[in-house]
Structure formats: structure tokens, C-alpha cells
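Trainee: fold the following for me, if possible:
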Amino acid sequence: MAKNSKPQATELEQYNSSRMHLLLNLLPIALFSAVSILIVRAHYYTGPYGQFFWTEKTDSTVLTDFFSYNKMMCIAIAAILAVLVILFRIALGMRRPKMHRVYLFMGAYLLLVLLSCLFSDYRYFAWWGFKERFEGTVALMSYMVVLFYIIESVDSEKAVKSVLWALAASMAVLGILGLFQGIGLDFFRTTAGQKMISPNANLVSGGTVWDAIEQAAEKGELYYQFTFALGDVYQTVFNINYVPFYLQNVLPIFAVGFIWFWTDSGYKGAKKILMPLLAIVLYALSLFSLFKARSASGYFGLALMLFLAVVIFRKQLKKSIKPLIILILVTALVMGICSDSWWPEIRSKIFERQPATPVEPGAEPDPLDILTVDEVLTGDNWFKMTISGQTLFGRLENGDFKFEDENGNGLALVPDNAAGEGHYNFEEPRYAKYTEVYFAVQDESFYAVVRTNDHASQTVREDGTVPEDKFTMWSFRFADDKVYFQTPVGKETPIGKVDTFGFEGRYRLGSGRGYIWSRSLPMLKQNLLLGNGPDTYCIYFPQHDYAGKYTWQTFLTVTDKPHCMYLDIALGSGVPSLICWFGIIASFIVLSLRGCLKLRGKNSFLEYLGSACFIAVLCFMIVGLFNDSSVSTMPLFYTVLGLGFACNFLLGASEERFRFSELKLKKPAKAARKA
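Mentor: Sure, this is the predicted structure:
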């Protein structure tokens, strides 16, 4: 029996060490981490969006996505390939899973995500994700599958370096794109770039998309008009805020890699020059994109990165003086070049906070000097508006319409003949300053429209001129003993009470995060178990809170993400799933404390890289408090996390294993040979 098994064992050993095996291992990881983030390609689709009152889209509206859908599909393909490779290994008895306890957290998280999708009221969106995001159950399950695959497959220093080479190639492309975008030469604004990101589909009006691109170019125009301003660095990741977010993952690796390549004596000849040069160039390109993205949270992550690096590598600083000086000089040079981007952002956030307007002694400020719409509600034959603290009710009783204040007193109206028939002003000064009303009857429905004169609260310009008049129309329809608010997109909805928590008076905190979080935190009460379904946040957010939106920005705003990675997880798949997700990260932290963070002085590449991965994960976690997960950022995070696990396993840090009594795998070939 031993003689018969010996040739098989030899073949397996040869295969395990072959280049083909290494490439087979790398392919799913490369697709997941290095290829998916590069994809920018038009995808045309429709979906059941017509059911929502806050969007003008119908079920037949053809939508176009450039940055998310095809990334999601690439991530899913990588996960499928990973599963096939794992099944192939099991069939050949090539290896057993590591069975670390982190897999329990990963399995529990996967189960909760799947259950939240199955029990969601919007299963279509929970499975595929919402428009422009596409981070539904398919994407979340793929993340976990590939994370498991990376931990299991990156089983040698050679495999680790292969993954890093794939990442380096991807980051080089992104860095060059970001560099040219930052200096106003956006590749995607060229004819070739627009053709590359679009299939040559036939147009209803005749011709093809590529023909239309060329015709627009002849006129000096762009066929595809992105929302990014010229000079914005968005690379391929949809949102400029995502650039510094994902770069938290790679900057520590490039910086630590530069130090390693500089100080390691294992590199000779041309490699001794080329390897540190490659690392410092990638570091500089990434740093340029980070500073150009103008994100305060990204700059905070960079500062945290520096602090953690000093703490972890404090014993190695003395023997790394030269590369450290070079890193500092390169960082200072890039900061100087990008000072027109990052300095205004820092200055506005820290040094130019607007102090409260001083009030002269004995003078009482007029509460009507600042226009706010504090509340809007509808009910049975009535609506309520509170404007700058002043409440008015509109009621229709027995065919007669009237306005009342908070005490039930009638509010008299004066016809505004200059504005036209049906237009009125309030006699009461408390309301007259900001509001006008008019009425209409159409299709057996009665309409009452309140117009807020937004310009009344605007400050007079320095040259003495008044800003152009701005108005907002609040239209209410009375029908079937109910009142409906007409939304900015022409649809209707009743408006109920909106739950809020905290941030009162600080809605503009963090570019509106104060407002978004104040409405998102109360949503946790309905997500204590399973959540509403992955990527359904936009559906469940109180989009009918037009008063709140108006006060902090504009009621045309549709809030589609919580701007906090952890709220996104908890509201999508439930609070328990967030706890399991934190369990995955906690497992990595504990493992790192046992392994790579000890830095035993052996000058080990795995120790250095594992420590860099630890820094990257922590920085990403902190910056994740202010940023959303997406199919553009999360694959790189899970790749770095998986590499961190792999480095620690290779360093022998894991002692926590568990066994499934029912799990039976074929013995590996090596054991069979010894038999």
C-alpha cells in the first residue's frame, strides 16, 4: 500500500511547490484585491425603484453604473473560483483547514447576513444591493469566502510576496491615474478613456455610444459627465472620500516595505536599488492621492498611522535612520506639492470655526433671523409646519380651509394681488417674514402650498447686494380624508414623526454626518437581531424627513448611506452580526500580539509585514467611523486582513484551534507516504 501511495505523494508534493499551484492560489486573490478595484465600466440596468416616493426612477428607467456593479461581479467571481480551488484541494486530500477560532466568527457573521437577506422585505436589494452601491449579500458573502481563502492559501513567504506583487501592480495603476487626475489630466475625460469604460451599445436615437463620444469630443465636450470636478482625485472608486479610506490599507505596507528593502541584506545588485525605489514611489503616489482627496478623516488616519508605527517599531528606529529620513523628506515634499488641497481642509475644520455672533448688551436676537423648518407632519385633513419655532396648522373642515397657530387661533391671510389669483400672505408678523401661501383645486383634490422665502435669512454680500431670491415649495394635497405631501420628484407620501437621537444643533458636523447619525441611531432599535437586509439602508432611512434635510442642506437630498461602516453593518444585517464582525477583528488583534508584534529582533520579513498589516487594519477601522464600506474599498481591507492572519500563522502565533467532531477530511498525501 505504501508503495502504491508513494508516487501519488510525490506528484502532490511536486504540484504543491510548482509555479502552476502558486498561480492557481493567486488567481482568486488577485481578482479580488488587485483587479476588482481597477474596473470602471458602464453597466445598464433596471430595477424595482418606482415603489419609492423619494426617487423619480420607475421600474423601467434604464440606469447606468460605472463604478460598483462590475466590481461586485468580479468579487463574486473571485469567491466562486476560491470555492472551486478549495473543493479541488479537498478532493485531492492536499491539506486540512487551519481551524482557528476566527472561523467561528466568520461563519456566524455569514449566517446572520444570509438570514437578514432571507427575512428582508426587500429581498431583491438585500441580495444584489442598492443602485450605485451593489454591496448586498452577494458581496458580503464573497468577502468572507475570499478572506477564508487567503488565510488558508497564503501558506509561505513566497505566496505572501506573490500577493504583494499583484497589489503593487494595481496600486501603481491607481497611483498614476490619481497623479494625472490631481494635475487636471483625467484619463476618463479623454475620448479613449470614455470609450474604454463604455460598451459600444446602439442608441435609440441612432448610431452608437462610441460615435456619440467622438461627436462630443469634436465639439470640445464630454459624452459622459461625471460629478467630479477637474482636479478631483477619485481614481476608480466612485467617491473621492473612498480614496483616502482604502489607502489606509496600503500606505503602511509601502512605508514598512521601503524600510525593509533598504535594511535587509538579502537583496543584492540591482534589486538592492530597485526594490526600495519601487516601494517609495508607490508610497509617494498613494500619499499624493490621499492629500489631493481633501478628506479630514483620511488625514487623521495618516496621523494615527504614524503614531502606531513609532510605537510598534520603536526598537528598530535606531538601525533605520536613513530610510526614515527619506520617508520623512518624501512625505514633506508631497505635502508641500498638495498644500493647496489639504491645508484649506485642515484650516476650515480646526482653525476657522465660526464663533457665535456677539450680541450687544441689552439687545435680544430676533429668532426669525435664521430660517429653519423644524417639523413637517401630515394627518387626517390637516398638516403641521413649524418654521423658525413658529407653528402653523392647515386644516380642511367641511370644505373650508383655514390656518391656525399652536394655540388653535386662526391666522388671517391677505390676498397678494401682485403674485396672482389664489396667492396670499400672512398678516401675523411671525409668519409673514418667511412664508407665502396659495391654493388650487385640481382633479377633485384641494392643494395648499406654503412657500418659504429662503432668501430672507441670507446675509447681505460685502458689496451690499442681496443674494438672488430662493424659494422652497411645500405642497400638500387633501384627498380621501388624508393629507399627502408632494415630494420634490412629484410623488406623494404622508409624513409622520421622525425619531432622532443627539447632535441637536450640530447637524452639519462632519459634512452632515451629525444629521445622518441623529436619524440613523434610532433605527438600531429595529435591527437588534437580524437587521433590514444588507444594503437596504436607503430604503429604511426616514427619507420623509424633509424638514430636517431642509435645515441642514436641502430637501432634495436622498440619504443613501450612513457614513459610518459600523452603522452600515448593524442596520443591514443586525447588531449581532456587527458583534461577530468585531470578533473577526479581535481575533486578528490577539493573534498579532502573539506573533508579528513581538518583533523578536530576527529582522523577519513576515514580522515587518504582519506589523504593517496590523497598523493598516487599525487605521482603516478608525477611519471607518466616518466612512462607508463599499465594493471599492472592502476587498483591499480583507486582503490586508487575510495577509495579516497568514503572516501570524506562518510565524507560529496560533495556539487556539477547535475541532468539528463530524468533520472528516482525507489524510494529506504526506501522511499517507509515511504509512
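Trainee: going forward, measure contacts and count neighbours with C-alpha atoms only.
Mentor: Fine.
Trainee: got any ranges where the stretch 51-200 of the chain has weak pLDDT?
Mentor: 94-95 (pLDDT under 70).
Trainee: tell me where it has helices.
Mentor: 69-92, 102-118, 123-128, 137-153, 157-182, 191-196 (DSSP state H, counting those that start in this stretch).
Trainee: now the angle from the longest one to helix 137-153?
Mentor: Translated: helix 157-182. 140 degrees (axes from the mean of the first three to the mean of the last three CA atoms, to 10 degrees).
Trainee: helix 157-182 packs against which elements?
Mentor: helix 19-30, helix 270-292 (3 or more CA pairs under 8 Å, 6 or more residues apart in numbering; DSSP states H and E).
Trainee: ok, residues contacting the shortest one?
Mentor: Put plainly, it is helix 19-30. 15-16, 78-79, 81-82, 85, 146, 150, 153-154, 159, 162-163, 166-167, 639 (CA atoms under 8 Å, 6 or more residues apart in numbering).
Trainee: the longest one too?
Mentor: Outside helix 270-292, the residues within contact range by CA under 8 Å, 6+ apart are 168, 171-172, 175-176, 178-179, 182, 232-233, 243-244, 247, 251, 254-255, 257-259, 261-262, 298-299, 327, 330-331, 334-335, 338, 341-342.
Trainee: among those, which are located in helices?
Mentor: 168, 171-172, 175-176, 178-179, 182, 243-244, 247, 251, 254-255, 257-259, 261-262, 298-299, 327, 330-331, 334-335, 341-342 (DSSP state H).
Trainee: one step back: out of the helices of the stretch 51-200 of the chain, which comes closest to residue 401?
Mentor: helix 123-128 (42.1 Å; CA to CA).
Trainee: which residues sit against that closest one?
Mentor: Residues contacting helix 123-128 (CA under 8 Å, 6+ apart): 117, 120, 134-139, 533-536.
Trainee: same question for stretch 395-411.
Mentor: Under CA under 8 Å, 6+ apart, the answer for stretch 395-411 is 381-383, 390-394, 412, 426-428, 478.
Trainee: quick one: which of these is most hemmed in?
Mentor: Highest neighbour count within the contacts of stretch 395-411, by other CA atoms under 10 Å: residue 383, with 25 neighbours.
Trainee: quick one, strands of the chain?
Mentor: Using DSSP state E, the strands of the chain run over 43-45, 63-65, 373-378, 382-387, 390-397, 400-405, 413-415, 423-426, 435-442, 445-453, 471-479, 482-486, 492-493.
Trainee: dump those strands into TSV; add distance to residue 614 as well.
Mentor: Output for the strands of the chain, formatted as TSV (distance: least, CA to CA, whole Å):
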stretch	distance to residue 614
strand 43-45	36
strand 63-65	34
strand 373-378	45
strand 382-387	50
strand 390-397	54
strand 400-405	60
strand 413-415	67
strand 423-426	63
strand 435-442	57
strand 445-453	53
strand 471-479	50
strand 482-486	51
strand 492-493	48
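Trainee: number of nearby residues for residue 526?
Mentor: 13.
Trainee: now swap in residue 399 and tell me
Mentor: Neighbours of residue 399 using other CA under 10 Å come to 7.
Trainee: distance of it relative to residue 423?
Mentor: As defined by CA to CA, to the nearest Å, residue 399 lies at a distance of 19 Å from residue 423.
Trainee: what of residue 233?
Mentor: 48 Å.
Trainee: between those two, which is the more surrounded one?
Mentor: Taking neighbours as other CA under 10 Å, residue 233 and residue 423 compare with residue 233 leading, 31 against 18.
Trainee: need the contact list for that one.
Mentor: 178-179, 181-182, 240, 243, 289, 292-293.
Trainee: could you do residue 386 as well?
Mentor: 373-376, 392.
Trainee: quick one: pLDDT of it?
Mentor: Listed pLDDT for residue 386 reads 91.
Trainee: please apply the same query to residue 562.
Mentor: 93.
Trainee: quick one: contacts for residue 489?
Mentor: 53-56.
Trainee: name the nearest of those residues relative to residue 72.
Mentor: Taking the contacts of residue 489 together and measuring to residue 72 by CA to CA, the closest member is residue 55, at 23.5 Å.
Trainee: quick check: phi and psi at the closest one.
Mentor: phi -130, psi 140 (degrees, to the nearest 10).
Trainee: now the nearest residue to it once chain neighbours are set aside: how far from residue 475?
Mentor: In space, and not counting its chain neighbours, residue 55 is closest to residue 489: 6.3 Å by CA to CA, 6 or more residues apart in numbering. According to CA to CA, residue 489 stands 12 Å off from residue 475.
Trainee: same deal with residue 604?
Mentor: From residue 604 to residue 475 the distance is 68 Å (CA to CA).
Trainee: still on that earlier bit, farthest pair within the contacts of residue 233?
Mentor: 179 and 240 (13.6 Å).
Trainee: sorry, back to before: just the contacts of residue 233 now: which is nearest residue 218?
Mentor: Checking the contacts of residue 233 one by one against residue 218 (CA to CA), the nearest turns out to be residue 181, at 21.9 Å.
Trainee: so what's the closest one up against?
Mentor: 187, 230-235.
Trainee: try 10 Å this time
Mentor: Shown in contact with residue 181 (CA atoms under 10 Å, 6 or more residues apart in numbering): 175, 187-189, 229-235, 289, 292.
Trainee: mind checking which of those residues are buried?
Mentor: 175, 188-189, 231-235, 289, 292 (16 or more other CA atoms under 10 Å).
Trainee: ok, these vs residue 43, which is closest?
Mentor: residue 188 (15.9 Å).
Trainee: how much space between the closest one and residue 282?
Mentor: 22 Å.
Trainee: same thing with residue 181?
Mentor: Taken as CA to CA, the span from residue 181 to residue 282 is 16 Å.
Trainee: low-confidence stretches in the chain?
Mentor: Ranges of the chain meeting pLDDT under 70: 1-21, 94-95, 265, 349-370, 454-469, 599-603, 653-675.
Trainee: hmm, back to that, I'd like the contacts of residue 181 laid out as CSV, including distance to residue 62.
Mentor: CSV is the format used below for these (distance: CA to CA, whole Å):
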residue, distance to residue 62
175, 33
187, 26
188, 22
189, 23
229, 25
230, 27
231, 30
232, 27
233, 28
234, 25
235, 25
289, 33
292, 33
